[in-house]
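# turn this into a structure:
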Amino acid sequence: MMTRQNKYNGPLGIFDSGVGGLSVLREVRHQLPNEDLIYIADQAHVPYGNRSREEVFGYADGIVRYLIKKQAKLVIIACNTASAVALADLRLKYPSLPFVGMEPAVKPAAAETITGVVGVLATPATFQGDLYASTVERFAKGVKILQDTCPGLVKQIEAGRIRSPETREILQGALAPMLEEGVDEIVMGCTHYPFVIPLIKEIVGEGVAVIDPAPAVARQAERLLNEYDLGRGKQEVGDESFYTTGETSALDTLIKSLLGIESQSISLDWVNGDLQGR
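Residues are numbered from 1 along each chain as shown. Predicted structure coming up:
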């Protein structure tokens, strides 16, 4: 898939249905400052959490094919829904391409809880996926798991309404019942949700830990780069390129707001299941 000569210089591909995966890109950039990054936001189809498995796999597969054209040497599925639906099949379909997926951080939460009550915030598709079910079964025996899908929260974050009254209301509706049950660990099961962690902490107060899985994902990407001898090593600081199937101006505004990065994102269109530049 990639020649010996150019494998080191290929970018890391990162994708999500929207801007949530920027929370992962932020950690990857911190962990791997020398790597070039390509980020694709499939904002024409955001959110993935309400779509069928067939739809989500089709979008993920199309994005991976585009990233392969861009010589990506590793792909991070920075979307819990796409990871739950497509990760296993993508690994089978592209066996020579390393993948890193998202997994709700139930394991560390279950290990750290003192009250024995863990809350998970995620989309319906993540909760319904085999990956989530197996994670809970393996690592959370004896732990009470409370779940909430936070309807409308992804839409609020996509619109940049991080601290709006509506966003606070959604979170309070999800977190208040968990607090009544004695929750002391809250897991972010959607990559959009880390951007409202400051607001979550205001609501839950001290004594409740909030777990963002993005740092662990970045560390796994680094491990795979080392395992497959794909890292660029200590060279110049890497670049970021941003693509969207939505409006570039809207994405650039959110990138500036969420990451503090000035960007000029590139437009992509879906044409018969393939991504193409405009």
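# so how far is L121 from the residue nearest to D184 when sequence neighbours are not counted?
Excluding its sequence neighbours, the residue lying closest to D184 (CB to CB, 6 or more residues apart in numbering) is T115, at 4.6 Å. Where you see a C-beta, it was placed from the backbone N, CA and C, and this is true even at glycine. The spacing between T115 and L121, counted by CB to CB, to the nearest Å, is 17 Å.
# which one's more surrounded, those two?
Legend: neighbour count by other CB atoms under 10 Å for T115 and L121, higher for L121 (26 against 14).
# what distance separates the start and the end of stretch 112-126?
By CA to CA, to the nearest Å, the extent of stretch 112-126 from end to end equals 22 Å.
# repeat for stretch 228-247
36 Å.
# and it, which residues are buried?
230-232, 238, 240, 242-246 (16 or more other CB atoms under 10 Å).
# just stretch 80-89 next, same as before
Applying a neighbour-count criterion of 16+ other CB under 10 Å, the buried positions in stretch 80-89 are 80-87.
# now, which of these sits nearest G189?
When the buried residues of stretch 80-89 are compared for distance to G189 (CB to CB), N80 comes out closest, at 5.5 Å.
# show the end-to-end separation of stretch 237-245, please.
27 Å.
# and what of stretch 206-221?
End-to-end distance (CA to CA), stretch 206-221: 31 Å.
# which residues does that stretch contact?
Applying CB atoms under 8 Å, 6 or more residues apart in numbering, the external contacts of stretch 206-221 come out as 12, 23-24, 26-28, 30-32, 74, 76, 78, 100, 102-105, 108-109, 112, 179, 183-188, 191, 194, 197, 200-201, 204.
# for this protein, where's the lowest mean pLDDT among helices and strands?
Ranked by mean pLDDT, DSSP states H and E, the weakest helix or strand in the chain is helix 124-128, scoring a mean of 86.
# could I get the average pLDDT for the next helix or strand after it?
Using DSSP states H and E, the helix or strand that follows helix 124-128 in sequence is helix 130-139. Average pLDDT, helix 130-139: 91.
# do the same with stretch 26-39
For stretch 26-39, the per-residue pLDDT averages 96.
# related to what we said a few turns ago, and the buried residues of stretch 80-89, which is closest to S134?
Nearest member of those to S134, counting by CB to CB, is A84, at 10.4 Å.
# could you pull up the residues touching the residue lying closest to that closest one once chain neighbours are set aside?
Nearest non-adjacent residue to A84, counting by CB to CB, 6+ apart: G129, 3.0 Å away. Shown in contact with G129 (CB under 8 Å, 6+ apart): 81, 84-85.
# look up phi and psi at G129.
Here is the backbone geometry of G129 (degrees, to the nearest 10): phi -80, psi 150.
# what does E262 give?
Backbone torsions of E262, given as degrees, to the nearest 10, read phi -80, psi 130.
# how many neighbours does it have?
Neighbours around E262, by other CB under 10 Å: 8.
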